[in-house]
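*Asks:* After the sequence you'll find the predicted model.
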Amino acid sequence: MRKYLVEFIGTFFLVLTVCMTVLGGAGNFAPIAIGSILMVMIFAGGHISGGHYNPAVTLGVFMRGKMPAGDVLPYMVAQLLAGVVAPLTAAVMLGSMDVPAVETTRLNVVPSLIAELLGTFALVYVVLNVATAKGTEGNSFYGLAIGFTVLACAYALGGVSGGAFNPAVATGISVAEIKSFSDIWVYLVANLGAGALAALVFNFVNGRDDA
């Protein structure tokens, strides 16, 4: 239960930061806050739950062979629940603020699929290499590496797809009406597909000795 609570807390603050910075008018500084909160929450909870905060990461870690099958669904439920609660919490706070209106936008499907696939692949590939590989075992930089991956991909690809790279974040930005709920399938397909692909590539590159 402690692991699932940690996953909820970390995902909650990640999605809350996304909603508050995007809707609160942080503009081009939003990715810095988002990458930073992910980094610190990974350092805070990584020793308990692994600090996934992302169903695509959970899928990748499971396929990599570093997670019991019985934890996969509870992790994802905790993450997605946080993806619903966080935007509702943000709405309460933003309701008392004078914030600029943000129009709900629809995705351009093919470019968005590509952007979300690439960004999520990069994220999960980095997670697997810095947080689960024998060659980097016991390092102190894994949270920084993962946070900076999200920051860089948000700047590089966020203008195309919104830069979710995470089904829980996709849920949050849909509940917050930043993106249309009718497009959430794009995120789910690209994010989970990329998580699985990253695990397959990692296992191929690292081989059985690192399992």
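*Replies:* Received the coordinates, thanks.

*Asks:* for this protein, what are the low-confidence residue spans?
*Replies:* Applying pLDDT under 70 to the chain flags the ranges 96-103, 208-211.

*Asks:* show me where it has helices.
*Replies:* Along the chain, the segments classed as helices by DSSP state H run 2-23, 30-49, 55-64, 69-94, 109-131, 142-161, 167-175, 184-206.

*Asks:* got TSV for those, with mean neighbour count too?
*Replies:* Quick note: C-beta positions are derived from backbone N, CA and C, even for glycine. Shown next, in TSV, are these (neighbours: other C-beta atoms under 10 Å):
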stretch	mean neighbour count
helix 2-23	23
helix 30-49	19
helix 55-64	26
helix 69-94	18
helix 109-131	21
helix 142-161	20
helix 167-175	27
helix 184-206	19
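
*Asks:* need the contact list for Thr17.
*Replies:* Counting by C-beta atoms under 8 Å, 6 or more residues apart in numbering, Thr17 touches 33-34, 37.

*Asks:* Can you tell me which residue sits nearest the middle of the protein?
*Replies:* Asn166 (3.7 Å; C-alpha atoms, centre = their mean).

*Asks:* what's the spacing between that residue and His52?
*Replies:* 10 Å (C-beta to C-beta, to the nearest Å).

*Asks:* tally of neighbours for Lys134?
*Replies:* 10 (other C-beta atoms under 10 Å).

*Asks:* isn't Leu144 right up against Ser36?
*Replies:* No. Assessed by C-beta atoms under 8 Å, Leu144 is found out of contact with Ser36, at 9.8 Å.

*Asks:* re the thing from before, now, which of the contacts of Thr17 sits nearest Ala176?
*Replies:* Distance to Ala176 across the contacts of Thr17 (C-beta to C-beta) is lowest for Ile34, with 13.8 Å.

*Asks:* Tell me if I'm right that that closest one and Ala26 touch.
*Replies:* No. Contact criterion C-beta under 8 Å: Ile34 and Ala26 do not qualify, at 9.3 Å.

*Asks:* Tell me who's in contact with His52.
*Replies:* 7, 10, 58, 61, 75, 79, 127.

*Asks:* should've said Tyr155
*Replies:* Pro31 are the contacts of Tyr155 under C-beta under 8 Å, 6+ apart.

*Asks:* and if you look at the one 3 residues further on?
*Replies:* Residues in contact with Gly158, defined by C-beta under 8 Å, 6+ apart, are Pro31.

*Asks:* One more: Ile173?
*Replies:* Ile173 touches 18-19, 22, 87, 162, 164, 179, counting by C-beta under 8 Å, 6+ apart.

*Asks:* ok, of those, which one's closest to Leu118?
*Replies:* Of all the contacts of Ile173, Leu118 sits closest to Ala164, with 12.4 Å by C-beta to C-beta.
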